[in-house]
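K.L.:
only the shape, not the letters, is given here:
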């Protein structure tokens, strides 16, 4: 349970740190007198691979769930003090499908990061550079809006509520069946799940550290007087 809670906590931290990173980069570019259009283009190029993966995850799951979609954009938008990466319009549907569409980007993102760290040879310099760049991209593109984070929260909350209600109902209706199911779950070998969560918790620290390092560098650059 503790590894799952740490996993959720790191995802939440990554959301807030990634938003701060993107805004920090935009402020830095503006500090050096780049125009609004130039800043948008720089951010578009910098985060394009991650943005494409993010929006494709939304589209793929929305298509599978027969959720209507609208206009797709992979260009960031600078809105005052904040920056929004690409977007895709999702039609209004039931909370379950909306939550699944929202959580898709996290599932795809975490899976992509685990794939890179498992199959890239980081002792080879070009694979190390490419791998860190892709992790940086994906880690900062898993959440592009509060709606994505809300989708994750709704998804986790729904699973928790359904599990609790099902357990209580079953316990009241048939205590013996409840005990048998509980014994079944206790007999399951969860070593693979625990190993995955341990690995994921360690790997998610990489984009967090990269983000904090870039934010620090951007702050130093903004301190220089032109």
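P.N.:
Received, thanks. Quick caveat: nothing in here was measured; it's all calculated off a predicted structure. Numbers count the residues shown, from 1 in each chain.

K.L.:
only C-alpha atoms for contact and neighbour calcs from this point on.
P.N.:
Will do.

K.L.:
which helices and strands does the strand or helix carrying residue 106 pack with?
P.N.:
Remark: residue 106 resides in helix 95-119, with elements defined by DSSP states H and E. Secondary-structure packing of helix 95-119 (3 or more CA pairs under 8 Å, 6 or more residues apart in numbering; DSSP states H and E): helix 48-64, helix 125-139, helix 146-173, helix 191-223.

K.L.:
now the angle from that helix to helix 48-64?
P.N.:
140 degrees (axes from the mean of the first three to the mean of the last three CA atoms, to 10 degrees).

K.L.:
how far away is the residue located most distally from the centre of the chain from residue 184?
P.N.:
The outermost residue of the chain relative to its centre, with distances by CA atoms, centre = their mean, is residue 176 at 40.6 Å. As for residue 176, its distance to residue 184 is 12 Å (criterion: CA to CA, to the nearest Å).

K.L.:
next one: residue 11
P.N.:
With the distance defined as CA to CA, residue 11 ends up 30 Å from residue 184.

K.L.:
report the secondary structure state of the residue nearest to the spatial centre of the chain.
P.N.:
In the chain, the centroid-proximal residue (CA atoms, centre = their mean) is residue 142; its distance is 3.1 Å. Under DSSP: H, G, I helix; E, B strand; the rest coil, the three-state class of residue 142 is coil.

K.L.:
surely it touches residue 106?
P.N.:
Yes. Residue 142 is in contact with residue 106 according to CA atoms under 8 Å; the separation is 5.4 Å.

K.L.:
residues contacting residue 219?
P.N.:
Shown in contact with residue 219 (CA atoms under 8 Å, 6 or more residues apart in numbering): 24, 28.

K.L.:
can we see that at 7 Å?
P.N.:
Not one residue lies near residue 219 by CA atoms under 7 Å, 6 or more residues apart in numbering.

K.L.:
where's it relative to residue 138, distance?
P.N.:
Taking CA to CA, one finds residue 219 at 22 Å from residue 138.

K.L.:
ok but residue 70 is inside a strand, no?
P.N.:
Yes. The assignment for residue 70 is a strand, going by three-state DSSP.

K.L.:
confidence score at it?
P.N.:
Looking at residue 70, its pLDDT reads 71.

K.L.:
my read: it touches residue 62, true?
P.N.:
No. Taking contacts as CA atoms under 7 Å, residue 70 lies outside contact range of residue 62: 10.9 Å.

K.L.:
what about these two, which has more around it?
P.N.:
residue 62 (21 against 11; other CA atoms under 10 Å).

K.L.:
neighbours around the closest residue to that one other than its chain neighbours, how many?
P.N.:
Spatial nearest neighbour of residue 62, excluding adjacent residues (CA to CA, 6 or more residues apart in numbering): residue 101 at 5.8 Å. Number of residues near residue 101 (other CA under 10 Å) recorded here: 26.

K.L.:
any idea how far residue 101 is from residue 54?
P.N.:
In terms of CA to CA, residue 101 sits 11 Å off from residue 54.

K.L.:
repeat that for residue 35.
P.N.:
To residue 54, residue 35 is 26 Å away according to CA to CA.

K.L.:
which of these two has more residues huddled nearby?
P.N.:
Between residue 35 and residue 54, counted using other CA under 10 Å, residue 54 has the larger neighbour count: 27 against 12.

K.L.:
got the contact list for the closest residue to the more buried one other than its chain neighbours?
P.N.:
Excluding its sequence neighbours, the residue lying closest to residue 54 (CA to CA, 6+ apart) is residue 105, at 5.4 Å. Residue 105 is in contact with 54, 57, 58, 142, counting by CA under 7 Å, 6+ apart.
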